[in-house]
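Asker: kindly return the folded structure for what I paste below:
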Amino acid sequence: MSIISTVATAVALNAASASASQFSSAAGRYRIDPESRIGFSIAQVAGPGINGRFPDISGRFDIDADHPAQSFVEITLNPASVKTGQERIDNFLRSSAVFNVTDYRQITFHSSRVVQEGPTSALIEGVLTAKGVSRTETFHATFVEQKPGSVAFHVTGTIFRVPYGMGIGIPLYSNAVVFDMDLKGIK
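Answerer: Next comes the predicted model:
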């Protein structure tokens with residue numbers, strides 16, 4: 001969700017802080033590899049909580065090695081693809097009580113700001129739209145590796161469910177959804 005922005009920022013910022021020869025090849029446009037992983041968890045009082053992933057994701061990011069703040073990320077995920085390993089929970093998450101996949105078939109994130117936090121990390125801010133609600137959210141991206149034609153990032157962040165109309169189950173289940181993502185971009 002705010003993930004892509006984080007990825008683009010981290011790559012661009014790493015490129016700016018490293019020598020030009022090391023990261024000049026990282027500049028450019030990347031599509032998100034469908035094998036990337038977007039995982040999430042929601043804590044539960046006195047219980048195991050909910051852990052899941054969204055396997056149906058797409059998007060792109062542009063890395064501007066000379067001007068990291070001009071880097072861009074956009075990501076789209078299909079909430080109907082949610083997988084928790086428990087069919088009953090998957091069906092509930094797809095229902096109108098949570099994602100309402102009948103009326104809202106996509107969750108999107110578009111970056112608006114990238115700020116370097118360290119030599120290999122960046123803060124990505126952007127607009128997350130879920131269930132018809134758009135809000136500014138922030139993620140943290142850490143550069144993992146660069147190979148010919150690809151780059152990889154680890155992205156984390158926390159989103160609160162209530163503002164998106166998905167507050168069912170609170171206080172038994174936490175309002176906070178913790179995201180842990182491994183994103184790979186391919187040229």
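
Asker: okay, now the unreliable bits of the protein?
Answerer: Scanning the chain for pLDDT under 70 picks out the ranges 1-25.

Asker: which strands border the longest strand anywhere in the chain, and is each parallel or antiparallel?
Answerer: Ranked by residue count, the top strand of the chain under DSSP state E comes out as strand 133-147. Here strand 133-147 has these sheet partners by DSSP bridges: strand 121-130 (antiparallel), strand 150-160 (antiparallel).

Asker: those strands into CSV, with extra columns for mean neighbour count?
Answerer: Yep, even glycine has a C-beta here, placed from its N, CA and C like the rest. Shown next, in CSV, are the strands paired with strand 133-147 (neighbours: other Cβ atoms under 10 Å):
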stretch, mean neighbour count
strand 121-130, 22
strand 150-160, 20
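
Asker: just so I know, which of the ones you listed lies nearest residue 68?
Answerer: strand 121-130 (7.4 Å; Cβ to Cβ).

Asker: which residues of this protein fall in helices?
Answerer: 3-17, 20-23, 87-94 (DSSP state H).

Asker: which elements pack onto the last one?
Answerer: Packing partners of helix 87-94 (3 or more Cβ pairs under 8 Å, 6 or more residues apart in numbering; DSSP states H and E): strand 50-53.

Asker: so who does residue 168 touch?
Answerer: 97-98 (Cβ atoms under 8 Å, 6 or more residues apart in numbering).

Asker: can we see that at 6 Å?
Answerer: For residue 168, the contact set (Cβ atoms under 6 Å, 6 or more residues apart in numbering) comprises residue 97.

Asker: could you do residue 127 as well?
Answerer: So residue 127 contacts 110, 134 (Cβ under 6 Å, 6+ apart).

Asker: so how far is residue 112 from it?
Answerer: Applying Cβ to Cβ, to the nearest Å, one obtains 6 Å for the distance of residue 127 from residue 112.

Asker: with residue 102 instead?
Answerer: For residue 102, the distance to residue 112 equals 29 Å [Cβ to Cβ].

Asker: one more: residue 177?
Answerer: 21 Å.

Asker: pick out whichever of these two has more residues nearby.
Answerer: Shown here are residue 177 and residue 112; by other Cβ atoms under 10 Å, residue 177 has more neighbours (20 against 13).

Asker: and the spatially closest residue to the more buried one that is not a sequence neighbour, how far is that from residue 144?
Answerer: Distances taken as Cβ to Cβ, 6 or more residues apart in numbering put residue 159 closest to residue 177, at 4.9 Å, once the chain neighbours are dropped. Distance, residue 159 to residue 144, using Cβ to Cβ: 22 Å.
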